[in-house]
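# test case, fold it:
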Amino acid sequence: MENVQLTNFFSNTVNFFKAFFETKRRFQTQSSFCRLNRAYADKASANPSFVSPYSLINDSIIIKDGIISGCLINSENNLEFIFELYILEIGAVRIRINEKNPLKPRYDKVKDWALVQDPLITLEYNQIPSKAGVTSFSFGKEKNQTISIYHSPFRVEFLVDDIPTIILNDRGFLNFEHLRDEESNTESPSENNQSSSKNSIQNVETSGDKLDPKLNGPGSIGLDISFPGYSHVYGIPQHASSLSLKETRGGTGAYSDPYRLYNLDIFGYAIDSPQALYGSIPFMVAHRKGASAAILWLNASETWVDVTKCRENKSGIVDVFFFLGKSSSEIFHQYGLLTGFTSLPQYFGISYHQCRWNYLDQKDVAEVDEGFDRHDIPYDVLWLDIEHTDGKRYFTWDIDKFPDPEKMQKDLMNKGRKMVTIIDPHIKRDEDYYVYKEASDLDLFVKKSSGSSSWIDFTNPLAQEWWSKKFAFDQYKGSTEGLFTWNDMNEPSVFDSPELTMPKDLIHYGGWEHRDLHNIYGFAYHKASTQGLINRTEPPRRPFVLSRAFFVGSQRYGPIWTGDNAASWDYLAISTPMLLTIGISGLPFSGADVGGFSGDPKPELLVRWYQAGAFQPFFRGHADRKTKRREPWLFGDPYTSYIRDIIKERYSLLPLWYTLLYEASTTGMPIIRPMFVVCPDDENVYEMDDQFFVGNSLLVKPIVEEGQTSTEVYFSGNEIYYDYFTFEQIRGSNKILIKAPLNKIPVFLRGGSIIPKRQKIRNCSSAMHLDPFTLVIALNENNEATGSLYLDDGETYDYEKGYFVHRQFEFSAGKLASTSLPSFDNDKNIYAKLINSVHVEQIIILGLDMKPSRIIAHCTADSDFELQFDLKCFGTLSGINTSDVLVIKGSNLSITEDWTIEFLK
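Next up is the predicted model:
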């Protein structure tokens, strides 16, 4: 993404720059390909008469069945490239550019991993008259979207209502370095006006004491993509940086290096930095009033993104998707249709998880589990790190420490709890270790230039199939249905290599170098592990596999977390923009280690981190083995009580979290949402990343500074909000100073929302599945509100058969109605029958502008009855008009049936 009008840099364009990946952990100054493409862009910008050398040959253009193709030519070297533009059914547009006669094929298999299927092409478009040298089409439901392809110099404009929205090669930075044989490569010809010195085209680079030979030259790709009229662009995770991407050419508040996308194991990563981290999603969203746009650069090699200038990539082809919409929700849905929606996890996945490197032995596990019960703190999952294995051999147990792993798991399962063990992709070289021996015999390891490494090549279909079988109960001895998986170190992390990752000249299945597919390695591993958990039972149950590395499409296989953070206030603060960025990039189920992985948090920091974590999708406490033990009860009161209270609050809201996960799995909407997503027309929130919404209903502002007992919260629009804990009414639109003592995180109900809760908190989530519900109705200024609730068995795939309950709640015109969203027959809905005794026992209504004389319930069975209500609020709430809080108790209204409540004056 590139220059932003707000910054007055480069007049309103956003450029996306993708670069070849090098071997040492580096800045752009250490990357010859990024330097050269930056220099190319600078030279082009400094020359007023510069014209891109790329043109589309007029008589080569073919228009057929939704595909516009032709031949691009570089006038400086007369090299030709195949250009293809596809208009897709999902409403997006795809552009592909590749060498016409390459020396050898360029890597083009990322689409096979990242996309759910080859996207369908639409015939719903019209060619429209254009001036000479321009080919134009209208498309979209309202035919208000236009593509204009300018032949010479080559560029592509996307317009909505005749307003330019995205422009490809607007500034002429397209720079496609062709592959060369070794003889011509050493000649170092001048290309694209770059220096003709031998250093301009490097065959070999160094990283530490390692050499990286490039036998066919650099082969990088640079281009610019502009978003005219947009001041803010978001996405391209993972970076410990702000939500709104910063300029990258220096200056106040800007970076001097581009954002880098290159999966790496970065322990204690830098904060406020464009440094590459554990995952990479080259997806970027631009937003302004009334419009959103996005691009997906489908490439798995190293990427550099300049938010001012250019973009570069080494390896692969140009394969870019363009998304246009009136709102970000349209973009998220299109992206989900292309790359897949998030998988619906087992219900325990959204509960609280307790982890440490490492719990010492089976006795330690039992004591920690008992400690949660003794201190009345709910949790669902206990995690074991690598020390549980026999000498770091995955799929094994240290029998001295864990003599009966099945009993250990079953003891947890008897309480409704689960266990997770770590399984990494590096395999210990030991001929007596059955996993290594099998992989070696089947030739499944990634190849070095000589011999084989001990890293499974998960891009090999045979390796995918073989690995998934390792999770079978008869192969993973000591595992049970209550055991799930944690994929760590899968960037991949290789300690004895440059940048602590796999050297790029290693060879994968099909003869491809690691440089071509680096960023999909962890993704492929995550996929194989997830499939293993699905396959191990019949009928299959939903898996749970946490991954550290991620790529486009990872949302289909499970959650991720932000990696090895530290116990400091800065890391707590940066977790919010990091998770918001990951969420809007198609991966909504994510979290950050509560308390910080390394270091010892003081009690205040730990309490504040639990408060923030309770309002993040994946909620796990985790710590390094070098830290002091920090189970929630070890700090004593009042801190234990504060942590207990917020964990219990998370459990009361599990119905809301699960409903939002279902929404993400069907629409692509993030679970936690930046302010600009919920308040798209409020320009004051476009840079805001220290507060956010859970769904559209809960506004959350974590406290991230030591000693802070109050904070300013911004309330957008002339809307009504209610304090989540006290029900105090607040009116936007402005910043208001909110008290935030240590026992409270500022959370507010947005007027117009209805949220489902369960008030009876038990030891784990599975113990609550038949408990009654409370509906909290926060009315807006029109005395209206809506909300929904999604329920299923939380374990199986029966919901795909229609065995679920999905209710819509609506308060309007003095009536509250519960109706079924999908149409299904309760007589055939096994799950609905299972929970037919579950009811709504309490309804809390905030902001009602009338005092009813009677409240009547109308049910489907033609049985009307009067409900008892109370106008008293909870506790002594200073400054609150008690008539604003109406409570109906003992309503006993079925959660599976339609009903209406009428409020009579």
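# heading C-terminal from the helix or strand bottoming out on mean pLDDT in the chain, find the next helix or strand.
Every helix and strand in the chain was compared by mean pLDDT, DSSP states H and E; the lowest is strand 311-314, with a mean of 50. Once the chain leaves strand 311-314, the next helix or strand it forms, by DSSP states H and E, is strand 318-325.
# what's the neighbour count on Asn78?
By other C-beta atoms under 10 Å, 7 other residues sit near Asn78. C-beta here means a position set from N, CA and C on the backbone, and glycine is covered the same way.
# make that Ala92, sorry
22.
# phi and psi next, for it.
phi -100, psi 170 (degrees, to the nearest 10).
# where's it relative to Leu654, distance?
34 Å (C-beta to C-beta, to the nearest Å).
# same deal with Phe139?
Applying C-beta to C-beta, one obtains 42 Å for the distance of Phe139 from Leu654.
# for the residue nearest the centre of the chain, which three-state class applies?
Centroid-nearest residue in the chain, with C-alpha atoms, centre = their mean: Leu587, separated by 2.2 Å. Three-state call for Leu587 (DSSP: H, G, I helix; E, B strand; the rest coil): coil.
# let me see the contact set for it.
By C-beta atoms under 8 Å, 6 or more residues apart in numbering, the contact set of Leu587 is 237, 281, 342, 550, 554-555, 560.
# now these in CSV, with pLDDT, distance to Leu775 and secondary structure?
Rendered in CSV, the data for the contacts of Leu587 read as follows (pLDDT from 0 to 100; distance: C-beta to C-beta, whole Å; DSSP: H, G, I helix; E, B strand; the rest coil):
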residue, pLDDT, distance to Leu775, secondary structure
Pro237, 98, 35, coil
Ile281, 98, 36, coil
Thr342, 98, 26, coil
Phe550, 98, 36, strand
Ser554, 98, 34, helix
Gln555, 98, 30, helix
Ile560, 98, 32, strand
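# show me which of those is closest to Leu770.
Among the contacts of Leu587, Thr342 lies closest to Leu770 (C-beta to C-beta), at 26.6 Å.
# surely that closest one touches Arg556?
Yes - using C-beta atoms under 8 Å, Thr342 is in contact with Arg556, at 7.3 Å.
# in the stretch 701-850 of the chain, where is pLDDT below threshold?
Counting by pLDDT under 70, the stretch 701-850 of the chain has low-confidence residues at 823-826.
# all strands for it, in order.
710-715, 720-723, 729-731, 734-739, 747-750, 753-757, 773-778, 785-791, 805-812, 815-820, 839-846 (DSSP state E, counting those that start in this stretch).
# for those, which one sits closest to His333?
With C-beta to C-beta, the closest approach to His333 among the strands of the stretch 701-850 of the chain belongs to strand 785-791: 17.1 Å.
# give me the contacts around the closest one.
With contacts defined as C-beta under 8 Å, 6+ apart, strand 785-791 is touched by 655, 658-659, 662-663, 697, 751-756, 773, 775, 777-779, 804-811, 821, 831, 835, 895.
# could you do stretch 734-744 as well?
In contact with stretch 734-744 (C-beta under 8 Å, 6+ apart) are residues 604, 607-608, 638, 641-642, 645, 701, 703, 708-715, 725, 730, 746.
# so how do I select the buried members of these in PyMOL?
Buried members of the contacts of stretch 734-744, defined by 16 or more other C-beta atoms under 10 Å, are picked up in PyMOL with:
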select buried, resi 604+607+608+641+642+645+701+703+711+713+714+715+725+730+746
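# thinking again about what came up before, can you say which of the strands of the stretch 701-850 of the chain is nearest to Pro503?
Nearest of the strands of the stretch 701-850 of the chain (C-beta to C-beta): strand 785-791, 46.2 Å.
# what angle separates the closest one from strand 839-846?
150 degrees (axes from the mean of the first three to the mean of the last three C-alpha atoms, to 10 degrees).
# so where do the helices sit in the stretch 751-900 of the chain?
Using DSSP state H, counting those that start in this stretch, the helices of the stretch 751-900 of the chain run over 830-834.
# again, but for the stretch 251-400 of the chain
Going by DSSP H, counting those that start in this stretch, the stretch 251-400 of the chain shows helices at 328-339, 362-374.
# nearest to Tyr799, of these?
Closest to Tyr799 of the helices of the stretch 251-400 of the chain is helix 328-339 (C-beta to C-beta; 17.6 Å).
# counting by contacts, list what the closest one packs against.
Judged by 3 or more C-beta pairs under 8 Å, 6 or more residues apart in numbering; DSSP states H and E, the packing partners of helix 328-339 are strand 283-288, strand 291-297, strand 318-325, helix 654-667, helix 675-678.
# which residues touch that helix?
88, 90-92, 114-116, 119, 283, 285, 287, 292-294, 296, 321, 323, 325, 552-553, 555-556, 584, 586, 667-670, 676-677, 680.
# let's have the helices of the stretch 251-400 of the chain in JSON lines, adding mean pLDDT, distance to Leu634 and mean neighbour count.
Output for these, formatted as JSON lines (pLDDT from 0 to 100; distance: least, C-beta to C-beta, whole Å; neighbours: other C-beta atoms under 10 Å):
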{"stretch": "helix 328-339", "mean pLDDT": "98", "distance to Leu634": "41", "mean neighbour count": "23"}
{"stretch": "helix 362-374", "mean pLDDT": "98", "distance to Leu634": "9", "mean neighbour count": "16"}
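# which of those sits closest to Arg629?
Of the helices of the stretch 251-400 of the chain, nearest to Arg629 by C-beta to C-beta is helix 362-374, at 9.1 Å.
# give me the contacts around the closest one.
Contacts of helix 362-374 (C-beta under 8 Å, 6+ apart): 354, 359, 378-379, 382, 384, 401-405, 408, 411-412, 415, 417, 631-633, 763.
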